[in-house]
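Participant: Could you look at this predicted model? Sequence included:
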Amino acid sequence: MSKKIGLFFGTQTGNTESVAEQIRDEFGGDVVTLHPIYEADTSTFDEYELLIIGSPTWDIGQLQSDWESFFPDLDEIDFNGKLVAYFGDGDQYGYADNFQDAIGILEEKISQRGGKTVGYWSTDGYDFNESRAVRNGKFVGLALDTGSQSDLTDERIKTWVAQLKTEFGL
Ligand SMILES: Cc1cc2nc3c(=O)[nH]c(=O)nc-3n(C[C@H](O)[C@H](O)[C@H](O)COP(=O)(O)O)c2cc1C
């Protein structure tokens, strides 16, 4: 694999960082570089044509706070020509009306700025009422619930990364 992937993530309590590391390891080699979003600037995005964006949802339907701070900067990035995959962590039982909203918010903005979304994920096997992350009956990316469905996390990551290898053309 010669193409490189930039994975940009935010985390409050470490769960999304652990998932980011698992995704990197599942791709293998040095294909994926992790970038905590609080350390990134807009030019960091220019280094990649393949992007993975990760955020948990916090505070009832909000972005993780580092993503919240970075959000206005997304307007300065040209995502045309980039393939962008999303993953999130959330709590479908505790926050059933806002499950995974954060990746829906990020996908909406980044696709408006030209990014092409890859890595859509079925809603089968989840139990929630509302989500800003669902478009045309699918999640815009990998939806994890590391609190309530931790036993499914490893398999979901493996399946999604295999899907991404194809969709990224790796
Ligand atoms: C106060 C609070 C608010 C939350 N709000 C949401 C929410 O609106 N939607 C959701 O899907 N998960 C919500 N969660 C669950 C978190 O996304 C979940 O705990 C996640 O694992 C945190 O990831 P992190 O460790 O990477 O920050 C909330 C959790 C807390 C404690």
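Facilitator: Arrived safely. Residues are numbered from 1 along each chain as shown.
Participant: would you list every one of the strands in the chain?
Facilitator: 5-9, 32-36, 50-58, 62-63, 83-89, 116-118, 121-122, 134-135, 138-139, 142-144 (DSSP state E).
Participant: can you tell me if the first one touches the ligand.
Facilitator: No. Taking C-beta under 6 Å from any ligand atom as the criterion, strand 5-9 and the ligand are apart, separated by no less than 8.0 Å. (Each C-beta comes from the backbone N, C-alpha and C, glycine too.)
Participant: Now residue 165: closest residue in space, sequence neighbours ignored.
Facilitator: Excluding the flanking residues, the one nearest residue 165 by C-beta to C-beta, 6 or more residues apart in numbering is residue 27, at 7.5 Å.
Participant: Give the burial count for that neighbour, as a bare number.
Facilitator: 19 (other C-beta atoms under 10 Å).
Participant: thinking again about what came up before, mind putting the strands of the chain into TSV with mean pLDDT and mean neighbour count?
Facilitator: Formatted as TSV, those follow (pLDDT from 0 to 100; neighbours: other C-beta atoms under 10 Å):
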stretch	mean pLDDT	mean neighbour count
strand 5-9	98	23
strand 32-36	98	17
strand 50-58	98	26
strand 62-63	98	19
strand 83-89	98	28
strand 116-118	98	17
strand 121-122	98	18
strand 134-135	97	18
strand 138-139	98	19
strand 142-144	98	27
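Participant: who's in contact with the residue in the chain that the ligand sits nearest to?
Facilitator: When scored by C-beta to the nearest ligand atom, the chain has residue 90 as its residue closest to the ligand, at 2.3 Å. Contact partners of residue 90, counting by C-beta atoms under 8 Å, 6 or more residues apart in numbering, are 56-57, 98-102, 143-145.
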